[in-house]
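Participant: Model the structure of this input:
(chains A and B)
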Amino acid sequence: MASLITRRKLLLGLAASTALAGCDSRAASMFLAGMGRWNERVDRLLFSESRLAPEPPASELTPETAFPSYFISESMPFAPDNWALKIGGIVDRPSVFSLDQLKRMPQTGMRIRHHCVEGWSAVAEWHGVQLREIARMVGASRDAQYVEFRSFDKGYYSTWDIESSLHPQTILAYGMNGRPLYPDHGAPIRLYSPVKLGYKCVKYLTEVNFLPTRAGGYWEDQGYDWYGGV
Amino acid sequence: MAASGLQILAAYPALGPRGALYSWYPFQNDAPPSWLRFGGWLAGARHWHFAIAWFLIFNGVIYLIYMIASGEWRRRVFIPTRDTSNALAMFAYYLRIRKTPPPEDFYNGLQRMAYTSAILFGVVVVLSGLAIYKPVQLYWITAAFGGYDVARVVHLSCLVLLALFTVMHLVLVALHPRTIVTMVTGGQRG
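Facilitator: A predicted model of the protein is given here:
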């Protein structure tokens, strides 16, 4: 009998909390915000600066026509003639780099699986310069805990934690599958990394800013997970 | 968990790698019906899914610890050498091939098989979920499932199996309403 009462109480309690979560939207959003903060802590705990995403074999490369690419402008964004990449925020030497200058920096290449928040994945090779190389060159401050990425795709942007930004596989990419990056994948320069979901990897870059405080992002401001770790 | 998971699935209702979708899956690009979904949109469903997942895991771990610590597992877990013949006999009885049910103690063999497999599906649904939640940081779980796209299939399959398990019990309750008492209370003691 004792067990019957505890089970019944348990079931009633569960039903009540479900009803609360479902019906009272303020309680629900407080619950989700709290669990979201908890999940970000777990996410940061799981992240390792030295753990590299495994590189799948070349046979797993996704046909380029099957690799989706999104932008938010009405039509495909093309770089303005005077395009250059600005590196700023709390850095010793704010800099402006042309595409040629970036291409002369030490090159990193990797074949990795892309994970989209929607649930699909696709494999490609990416070529570019490590963001941590650039952070070193411009002398990013130790107080920079976040990095903001801005684009010429109608104000698309995102902000990352510094640890993920300095991961060895986080690169500013100018090449894909052995040739220059095409406009549909973010030419002339896009951010790319296996440690974040696709929407965090800003295309059509114009600015990289090292920041002491957290900023938002195009999808993040609409409710998508800010950390977006993979 | 199920409804928010189906809302997440609706964002990309296909199985298999991009450019090489699995040909055996009959519902490629068919989103699950909206009455089965919860969370409103992809971001909302993800928040719900990853919030409630902790309670599922917490609940499951406590259950498993209790099962082991109390020794309850001995009369509940399906042990093939002990329970196979009883399960087959019970199955034959349900099919009216056998006139009398086999002897049963706490559970019959078929019940043990069903309940043990449900626990197994629960464990696998959590592991395959982790595999597609953190395929880089927890790459070894993803690799154990045979990769990201396979883990997605396993995750969805577990949901289907657990749903069948639940539906079968709902049908049972509809046909024999009194069984709900033993389902909720855990049956007779002793």
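Participant: Tell me how many other residues surround A:D92.
Facilitator: 10 (other Cβ atoms under 10 Å in any protein chain shown). C-beta coordinates here come from the backbone N, C-alpha and C atoms, glycine included.
Participant: same check, this time on B:T182
Facilitator: Applying other Cβ under 10 Å, I find that B:T182 has 10 neighbouring residues.
Participant: just B:W48 next, same as before
Facilitator: 23.
Participant: try A:Q169
Facilitator: 20.
Participant: Surely it and A:C201 touch.
Facilitator: No - using Cβ atoms under 8 Å, A:Q169 makes no contact with A:C201, being 11.5 Å away.
Participant: any common contacting residues for these two?
Facilitator: Listed as contacting both A:Q169 and A:C201 by Cβ atoms under 8 Å, 6 or more residues apart in numbering or on different chains are A:S193.
Participant: Tell me how chain A divides into domains.
Facilitator: Using automatic domain parsing, the domains assigned to chain A come out as A:2-44, A:55-222.
Participant: need the strands for chain A, in chain order.
Facilitator: A:85-89, A:95-97, A:108-115, A:121-130, A:146-151, A:157-161, A:171-176, A:179-180, A:190-192, A:205-211 (DSSP state E).
Participant: can you tell me which residues contact the residue nearest to A:G198 when sequence neighbours are not counted?
Facilitator: Excluding its sequence neighbours, the residue lying closest to A:G198 (Cβ to Cβ, 6 or more residues apart in numbering or on different chains) is A:C116, at 4.4 Å. By Cβ under 8 Å, 6+ apart, A:C116 lies in contact with A:P68, A:A122, A:L197, A:G198, A:Y199, B:Y12.
Participant: just A:L85 next, same as before
Facilitator: Counted by Cβ under 8 Å, 6+ apart, A:L85 has contacts A:V96, A:F97, A:S98, A:L99, A:L102, A:L172, A:I189, A:L205, A:T206, A:E207, A:V208.
Participant: and residue 103, how many neighbours?
Facilitator: Looking at chain A here, since you left the chain open. For A:K103, using other Cβ under 10 Å, the count is 17.
Participant: that answer is for a different chain, and I need it for chain B
Facilitator: B:P103 has 8 nearby residues by other Cβ under 10 Å.
Participant: Report the closest residue of chain A relative to chain B.
Facilitator: Closest contact between chain A and chain B, by Cβ to the nearest Cβ, is at A:A66 (3.0 Å).
Participant: Give the burial count for the nearest residue to that residue once chain neighbours are set aside, as a bare number.
Facilitator: What sits nearest to A:A66 in space, not counting adjacent residues and going by Cβ to Cβ, 6+ apart, is B:G19, at 3.0 Å. Residues lying near B:G19 (other Cβ under 10 Å) number 14.
Participant: Would you double-check that B:G19 falls in a helix?
Facilitator: No - using DSSP: H, G, I helix; E, B strand; the rest coil, the assignment for B:G19 is coil, not a helix.
Participant: I'd assumed A:L61 was in contact with it.
Facilitator: No - when contacts are counted by Cβ under 8 Å, B:G19 is not listed as touching A:L61 (9.3 Å).
Participant: wait, what's in contact with the residue nearest to A:A66?
Facilitator: A:T62, A:P63, A:T65, A:A66, A:F67, A:A122.
Participant: where in the chain is pLDDT low?
Facilitator: Let's take chain A. Chain A contains residues with pLDDT under 70 at A:1-24.
Participant: nope, chain B
Facilitator: Residue ranges of chain B with pLDDT under 70: B:187-190.
Participant: residue in it nearest to chain A?
Facilitator: For chain B, Cβ to the nearest Cβ, closest residue to chain A: B:G19, 3.0 Å.
Participant: Closest to B:K134 out of the contacts of A:C116?
Facilitator: Taking Cβ to Cβ as the measure, B:K134 sits nearest to A:L197 out of these, at 11.0 Å.
Participant: tally of neighbours for that closest one?
Facilitator: 19.
Participant: repeat for A:E64
Facilitator: 15.
Participant: got the contact list for residue 153?
Facilitator: Chain wasn't specified; assuming chain A. A:F71, A:I72, A:S73, A:P77, A:K203, A:Y204.
Participant: Actually, chain B is the one I wanted.
Facilitator: So, once contact is read as Cβ under 8 Å, 6+ apart, B:V153 ends up touching B:L15, B:Y22, B:Y25.
Participant: List only buried entries from those.
Facilitator: Among the contacts of B:V153, the ones that count as buried by 16 or more other Cβ atoms under 10 Å in any protein chain shown are B:L15.
Participant: List the buried residues of the helix or strand hosting B:L110.
Facilitator: Secondary structure from DSSP states H and E places B:L110 in helix B:109-133. Within helix B:109-133, the residues that count as buried by 16+ other Cβ under 10 Å are B:109-114, B:116, B:119, B:121-122, B:124-133.
Participant: Just want the angle from that helix to strand A:108-115.
Facilitator: Computed by axes from the mean of the first three to the mean of the last three Cα atoms, to 10 degrees, the angle separating helix B:109-133 from strand A:108-115 equals 140 degrees.
Participant: ok, the helix or strand that comes right after helix B:109-133 near chain A or not?
Facilitator: In the C-terminal direction, the helix or strand that comes right after helix B:109-133 (DSSP H and E) is helix B:139-144. Yes - looking at helix B:139-144 against chain A by Cβ under 8 Å from any Cβ of the partner chain, the contacts come from B:Y139, B:A143.
Participant: Mind listing what's buried along helix B:139-144?
Facilitator: B:Y139, B:I141, B:T142.
Participant: Give me the spatial nearest neighbour of A:E40, chain neighbours excluded.
Facilitator: A:Y227 (4.7 Å).
Participant: can you pull the contacts of that neighbour?
Facilitator: Per Cβ under 8 Å, 6+ apart, neighbours of A:Y227: A:N39, A:E40, A:D43, A:R44, A:D161.
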